[in-house]
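Novice: below is the structure, and that's it, no one-letter string:
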């Protein structure tokens, strides 16, 4: 296989997720099977190789405990212990290590690529544990968690953690070839299958020594190593290109979404713009000192329409969803209608209903909430909208917004295995959706004793604990009788409020940011129910709330379709990559490469 063959497919590989890792494995697999380069008869005639080859029969079958795959006839299958000393390294106490000696730890080797990330001296570490001494050209094998695939040929002598095993060639195997064999998918699979230990799996010494190793003549080993290094350098180039493309795309996507969700200019946008058609348009948009609202609406529609051209990655879609939610709660998703009854009248109706309920003793008077600091509000509102607080939007009844029972009222020991009376827990609270399977259950008697916390279909549940803080979903009618657990705030909206608007507001970047501003948790973000009631809410007229929710449903379906399309494109690219590699392998078998 030649570099030019892979370069022909570079564009395919560059747009395929995981291509560099898959290609590295493919190259290593070909290399250790003798399929990367043609064999040369002259290399088999070296006296030292003939003496070695005579000691070991060629394996041309795969019986039980036989080698894992077939190799060229000139190669020999041997056990690792036949060609290398797995126990060659001396153990050295810290007192026997000099300050300028190299000391290598496992985390200083990059997984899969086996690059040494840094060479640190003993003086920097002052380690107190015993080390293994290695020599130049020893193969340093990371036996702990062998799936991490950490194998290095030592460029100089030094010392390493005992979780790294210095393996010393007995002469017939080139250290670089032995190193790449230990990195091959076949050996990694073997090491994983033989590992012991649940939390910290490692390969045992006897299993390592008895591992099969495919050995070609030394001259062919050197040719294989040179070709592998050339092709892996191409993989590195591919990986660098993918990384640069991904970073560039991320900056561009963020620039576009920042633009449509931010009223004032942002210096972060400038550095992300590129010379693409879409990016030029965005650059032109951000150059003006001021922007008219009709211009904004037109440009926002353009960015959303052109978004599929900005990305090929499904992982960018959540950011798009958040941008759409941000537009919705900033009065920028649907046009305003001056004929709509303003939000101030909704608030007046709620206050009137609450006052009547208090007078007739159908509910207790609400506790006063801390007032909104208008200077901290994130944006201004158009006519008809109002800034209010979450606790002002509840139904005219006692405990319309309530945290779950604490302490002895609801303990783990109260849970039963029989479904029936559910306990809504934090795990059930997805971003805008109820997550099934995380709920607990209690007895009917216990459920009846927690009548204040009964939850009805259509109630909202708001998370008082991250992640993310303030996420919100509606209680599905299929749940049946249920109560909310602590840190899960039940929110029962007033009939003049569109509950789905509250769901989108709490899950928007604005809602999340305001919830985080009230965070008082030490190790995890957390708010209490009074903080949650005091959260500012941008409230549109009821008719506009309904238009916003309808538009959000439409756009979220569009996001779903876009995500599915991008995922399908990635799957197609992966299949194309696999087909390309199979084609290369087939041509290799036929001797065309």
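Specialist: Now that the structure is in, tell me what you want to look at. It should be emphasised that the depicted structure is a prediction, and the values quoted were computed from it without experimental measurement. Numbers count the residues shown, from 1 in each chain.

Novice: walk me through the domains of this structure.
Specialist: Following automatic domain parsing, one finds the domains of the chain at 79-215, 243-335+551-574, 344-540.

Novice: state the mean pLDDT of the first one.
Specialist: Right, the one you point to is domain 79-215. For domain 79-215, mean pLDDT is 95.

Novice: between the two ends of it, what distance do you get?
Specialist: By C-alpha to C-alpha, to the nearest Å, the extent of domain 79-215 from end to end equals 10 Å.

Novice: for this protein, which strand is longest?
Specialist: strand 164-169 (DSSP state E).

Novice: which of the domains of the chain sits closest to residue 43?
Specialist: Comparison of the domains of the chain against residue 43 by C-beta to C-beta identifies domain 79-215 as nearest, at 12.5 Å. All C-beta atoms are positioned from the backbone trio N, CA, C, and that covers glycine.

Novice: just want the most central residue of the chain.
Specialist: Among the residues of the chain, the one closest to the centroid is residue 315, at 8.7 Å (C-alpha atoms, centre = their mean).

Novice: next, that residue: secondary structure please.
Specialist: Put simply, residue 315 is helix when judged by DSSP: H, G, I helix; E, B strand; the rest coil.

Novice: just the pLDDT at it, thanks.
Specialist: pLDDT for residue 315: 80.

Novice: residue 255 too?
Specialist: So residue 255 comes in at 68 (pLDDT).

Novice: likewise residue 305?
Specialist: You'll see residue 305 listed with a pLDDT of 66.

Novice: out of the domains of the chain, which is closest to residue 69?
Specialist: With C-beta to C-beta as the criterion, residue 69 lies closest to domain 79-215 of the domains of the chain, at 6.9 Å.

Novice: can you give me how far that closest one is from the chain middle?
Specialist: In this view, domain 79-215 has its centroid 30 Å away from the chain centroid, taken as C-alpha atoms, centre = their mean, to the nearest Å.

Novice: use 29 as the first number for this chain going forward.
Specialist: Sure, I'll start counting at 29 from here, so that last one is domain 107-243.

Novice: follow-up on the earlier one: quick one: name whatever helix or strand follows the longest strand of the chain.
Specialist: For strand 192-197, the succeeding helix or strand toward the C-terminus, using DSSP states H and E, is helix 203-211.

Novice: can you name the next helix or strand after that next one?
Specialist: Toward the C-terminus, helix 203-211 is succeeded by helix 213-222 as the next helix or strand (DSSP H and E).

Novice: flag every buried residue along that next one.
Specialist: Neighbour counts using 16 or more other C-beta atoms under 10 Å place 214, 215, 216, 218, 219, 222 of helix 213-222 among the buried residues.

Novice: for the very next helix or strand once past it, packing partners?
Specialist: Remark: after helix 213-222, the chain's next helix or strand is helix 233-237, criterion DSSP H and E. Applying 3 or more C-beta pairs under 8 Å, 6 or more residues apart in numbering; DSSP states H and E, one finds that helix 233-237 makes contact with helix 108-111, helix 213-222.

Novice: so what strands line up beside the following helix or strand past helix 233-237?
Specialist: Using DSSP H and E, the next helix or strand after helix 233-237 towards the C-terminus is strand 240-243. Using DSSP bridges, strand 240-243 pairs in its sheet with strand 104-107 (antiparallel).

Novice: could you list the buried residues of the strand it pairs with?
Specialist: The neighbour-count check on strand 104-107 (16+ other C-beta under 10 Å) flags 104, 105, 106 as buried.
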